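Enquirer: Model the structure of this input:
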Amino acid sequence: MAAPTLQQPSFLLVNLKSDSTTKPLLQRCQDLVKIIDEYPAKELHPILPWLVESVFGSLDGCTAGWNLRLLHARSNEYNVVLEFLNPSGPMMKLVYKLQAEEYKYEIPVNYLPGPVKVCIQQGILPECPLFHNKLQFPLSGLLTLNLALNPFEFFMFHFASCLITPKSFPQGAHVSSSDSAYFVLVDTYLKYFLPSEGSVPPSPFSDSRGSVTAPSPRSSSASFAGYGVHGPSLLKHHIFHQPSVNADPAAQEIWRSETLLQMFVEIWLHHYSLEMYQKLQSPQVKEPFSPTEEHVLVVRLLVKHLHAFSNSLKPETLSSPSAHSHAHTSPLEEFKRVVVQRFVQQKLYLFLQHCFSHWPLDASFRAVLETWLSYIQPWRYTGEKTSAQPEQNRTVPDKWEPFVQENLLMYTKLFQVLLNRAVRTDLVNAKNALMIFRVAKVFSQPNLGEMIQKGEQLFLEPEHVLQHRQPRGYLTPGQGGSFLSSRQRAATDLVFRVKSHVYALEGQDCQYKQMFGCELRGAVMKLIQIIAQARQTAKRISDHSGEAAASSSFLSWFGMGTPDLNSTFCGAEPEESGECLKKTHEFLDRALENLCQIFKLNQGQLAQLISNVGSSQDDGHCKQLPDCIQGENGLILTDLGRKQIISGLRRFDIQYQGDPELQPIRSYENALLVRLFYQISTFLNERFGGHMNALCSRPDLLGRLGRHFLAADPGSSGRSPVPRPPSGGNRRPRLSLRPLASYRTLLLLLLAYAAGAALALGPASCTLLLLVGGLLYGLLVALLGDKLKTH
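Expert: Got it, this is the predicted structure:
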C-alpha cells in the first residue's frame, strides 16, 4: 500500500487480502500501521475480522495464520510480530479505535467451550458474566446462535482460542511454548493488563469523549456465580457496570483486565463442568477435550502471574477487610483480593483433576504437576527475597492458612488422585521418580501439613454445632452482638468458607476422604512399597549394566569372554543408563524421607517395609518373574503381572531360543561373509554330521574336545512365558563359522597377520600358529572345564 490515503474505502479490504499473498510480513505490517493511523473507524470496521483471522488463524483450524506458536526468536519475523501485537502496538490501537465507536462482531456459539455451549443451546444463561447480554437470537433457532462481542473481547477471544484450536502445522515443525511468540505475548498481556505494580496503562487512543468506552452495563443482578459459592461481589459496582463519565480513570479501564482474565479462564480452563466430569468417570464416555503439554504450560504461566498479581495487594488493604475500608481502595486492589478464588479456582480444579486422571503415564505429565504445585504454593510468588535457610526447611508463613483452607481440595483430593496415578507409573524412570520427589518435597514443608489438617477439621465439624453457632455468628455489636464473641464468629466464618469451597467443587453429596486418615495412610504405605521395589529394580539394572560392561572389556576382544548373542539386543530406555539410575535412587530415597515426614511414619516400620521388599525379591530367582498363572500353552500374565511390567518392577528374561545360525545379521557382522560361511558350514555339517555326532559322543578327551568346538550351547535356556520347542535334531553337534564374519574377528586376524609379518612369518606360518593356539586353548578348556564349573 504505497499511498493508502488515495485508495477508495471499498477497495481497502480487497487490497489487503491481495497484499497478504504477495508482500512479505514486514511490509504488510508497515502498510497496516499507516492504514490504522490514517483511516477512520468506520472504514476500518470490516478489516478487524479478516486481520484477526489472518494473525491467529481461523476458529475451525483450517488456516494457521502467522503460526505464533511456531515463531521463535531466531526467526526474522519474530520481533516484527511482537511489535505489531504489543499491548501498546498498532493492532491494539485498531481495537481501541473501533471500541470507541461501539462496534460489535459476531462469533458462533459452536466455538465456545463445551459447558458454555451446552448451557446456551439448552436455553440456559451461562454462569460467566462475560457472555451475558451478548446473545443474538436468529429466527433459525438456538443451534445457530451467535455472540456479539465488542472489539476488545473479539480480539482476546481469538487470541486465547489460538492456543487450543487444532491446526495443521508444516511437516517437521516443533511446537515449543517456552520461547514462542505466543508464549511471550501471553506473558506480555498478563503483565500489562494485570500489573503487579501501578495501574493498568490508559488506552493509547483517545476520541472526542476523551477515553475508550467500557462495555455495555450489565444487569445489577449479575454475580460471581460462575466462580464458586461466595457472598455478594465486592467488585459489582466497579467491574460489572459501565463507569460514569466522572469516574476514576482506573475504574474506567479495569474492565479490560477483567475481560482478559475471564476470556483466558473460559477458553483455556472451562472445558469440564462438575456434571461432565462425573460422566467422564465412565469408560464408555469419550473425552470432549484433551489438553496438550503446550496448553498446560501456558496455564501454568497464567497461574504464576495471578499469584504474583494477587500477592501485590497493598498490606493496608489486606489487613483491613471491612466494608468501610473498601470504599477507599482502588478497583484494581479489590480485583487482586478476589482474583484467584473467584475467577480461577473452580475451573482450574476440574481441569487439573481431569489431567491427573487422563494424562498418559509418561514424563510429559511434569507440566501438569508443576502447574498444580505452582497453584498450591502462592508464597513462592510474593516478590519477597527468600531467606538464606535451605528450601526444605522454610516454614510456610501462618498468613497463608486461609488460602490453604479455602483451597483444601486442591491439596487433599488432588494428592489422592496423584497417589492412584503414582502406583501405576514406572518409577525406575528418573523423570518419573523426580516428579514423586517434587510432590513429597512440597508437602513436607514445615507448617503446611498442620494447615491442611486444620482445614479438614473445620470441614468435618458436625452440622448441628454449626447451626447452633450460626444465629450468633454474624451479629455485630450494634445489633446486640458481643465483642467477646469475635473468636466464635471468626471460627464460624472459617467453617462456612471451607464447607462452601468443598461443596462448590464436589457437590453437596460429596464423600470427603481425609488426607491424613487411615484409608489414605494405607495408600501411602502401598506407594512406599512400590518406591522401595523401584529402588531395588534400579539397583539390579545398574548392577547388571556394570556386569555387562565388565564382560565386554578389553580381554573380550581377544576371545577370552563368552559371547552372548542375546545381550546384543538393548531394550533399555536412555533414562535407564547408569547415571540416570543413580538419580532415580537419589530421588526415591529423598521421596521416602519426605513421605515419612509428612505422614509421621515410624522409621522402624519403614525399614521393615523396605527389608520385606528386599527379602521378597532376593527369595529365589524365580520370584523375579511377573505374576503369572499356568495355562495350557504356558504362563499367562495376571493383572498384577501386567502392572509389575508396566511399572518396571519385574520383567521376563527374554532370550533368543531359535537357531543361532539364523539370527538376523548384526551391525558388527559382514552380511556377505555371514551368508557365505553359513553355506559352507551347512555343507560341512550335512557331509560330516555323523562323524561329528560320533566324536562328541565319546567319553574321553577327544569327545570333550569335540563337544567344546562343535556342540550347541546347553546353557542357553532362559525363562520365558513361551514354552520352548522340544529338543531334537537342532541339538546335534555342528560346525559354526559365523564368528569369523564378525568385524572384531577380522580385525584381530589382520593384527595377528601384521604381527607375523613384522616377525618375518609368512601367511602359512601365521595360520598354523593360530590353529595350534586355538587347539591348545580348546584342549585346556576340555581338561579343566569340569573343575572350573564345579568351582
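Enquirer: Show me what the longest helix along the chain is packed against.
Expert: Across the chain, the longest stretch assigned as helix under DSSP state H is helix 518-551. Applying 3 or more CB pairs under 8 Å, 6 or more residues apart in numbering; DSSP states H and E, one finds that helix 518-551 contacts helix 408-422, helix 578-598, helix 603-618. Where C-beta positions appear, they are placed from N, C-alpha and C, glycine not excepted.
Enquirer: So for it, what gets flagged as buried?
Expert: Buried positions in helix 518-551, judged by neighbour count with 16 or more other CB atoms under 10 Å: 520, 523-525, 527-539, 541-542.
Enquirer: on that earlier part again, between the helices and strands packed on helix 518-551, which gets the lowest average pLDDT?
Expert: Ranked by mean pLDDT, the helices and strands packed on helix 518-551 end with helix 603-618 at the bottom, a mean of 67.
Enquirer: after that helix comes which helix or strand?
Expert: strand 628-631 (DSSP states H and E).
Enquirer: Each with direction, which strands does that following strand pair with?
Expert: strand 634-637 (antiparallel) (DSSP bridges).
Enquirer: After the strand it pairs with, which helix or strand is next?
Expert: Next along the chain after strand 634-637, taking DSSP H and E as the criterion, comes helix 639-646.
Enquirer: What average pLDDT does that next one get?
Expert: 77.
Enquirer: With stretch 52-63 instead?
Expert: Rounded mean pLDDT across stretch 52-63 is 91.
Enquirer: what does stretch 343-357 give?
Expert: On average, stretch 343-357 scores 93.
Enquirer: neighbouring contacts of that stretch?
Expert: Applying CB atoms under 8 Å, 6 or more residues apart in numbering, the external contacts of stretch 343-357 come out as 227-228, 261-262, 265-266, 269-274, 277, 280, 291, 296, 299, 302-303, 306, 365, 368, 371-372, 375, 407, 409-410, 413-414, 417-418, 421, 501, 504-505.
Enquirer: buried residues in that stretch?
Expert: Neighbour-count burial for stretch 343-357 [16+ other CB under 10 Å]: 343-356.
Enquirer: Find out how far that stretch is from the centre of the chain, if you would.
Expert: How far stretch 343-357 lies from its chain's middle: 14 Å, per CA atoms, centre = their mean, to the nearest Å.
Enquirer: for stretch 416-429, same thing?
Expert: 14 Å.
Enquirer: Spatially nearest residue to residue 179 (excluding sequence neighbours)?
Expert: residue 72 (5.6 Å; CB to CB, 6 or more residues apart in numbering).
Enquirer: wait, that neighbour sits on residue 78?
Expert: Yes - using CB atoms under 8 Å, residue 72 makes contact with residue 78 at a distance of 6.4 Å.
Enquirer: shared neighbours, those two?
Expert: Contact with both residue 72 and residue 78 is made by residues residue 181, according to CB under 8 Å, 6+ apart.
Enquirer: Next, the angle from the host helix or strand of residue 371 to helix 408-422.
Expert: Element membership of residue 371 [criterion: DSSP H and E] is helix 366-375. Angle, helix 366-375 to helix 408-422, by axes from the mean of the first three to the mean of the last three CA atoms, to 10 degrees: 150 degrees.
Enquirer: So which elements touch whichever helix or strand comes after helix 366-375?
Expert: Remark: after helix 366-375, the chain's next helix or strand is helix 401-406, criterion DSSP H and E. Helix 401-406 sits against helix 448-459, helix 486-506, with contacts defined as 3+ CB pairs under 8 Å, 6+ apart.
Enquirer: Mind putting the ones you listed into JSON lines with mean neighbour count, mean pLDDT and distance to residue 608?
Expert: Below are those laid out as JSON lines (neighbours: other CB atoms under 10 Å; pLDDT from 0 to 100; distance: least, CB to CB, whole Å):
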{"stretch": "helix 448-459", "mean neighbour count": "19", "mean pLDDT": "94", "distance to residue 608": "24"}
{"stretch": "helix 486-506", "mean neighbour count": "17", "mean pLDDT": "79", "distance to residue 608": "36"}
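Enquirer: for these, which one sits closest to residue 697?
Expert: For residue 697, the closest of those is helix 448-459, at 74.0 Å, according to CB to CB.
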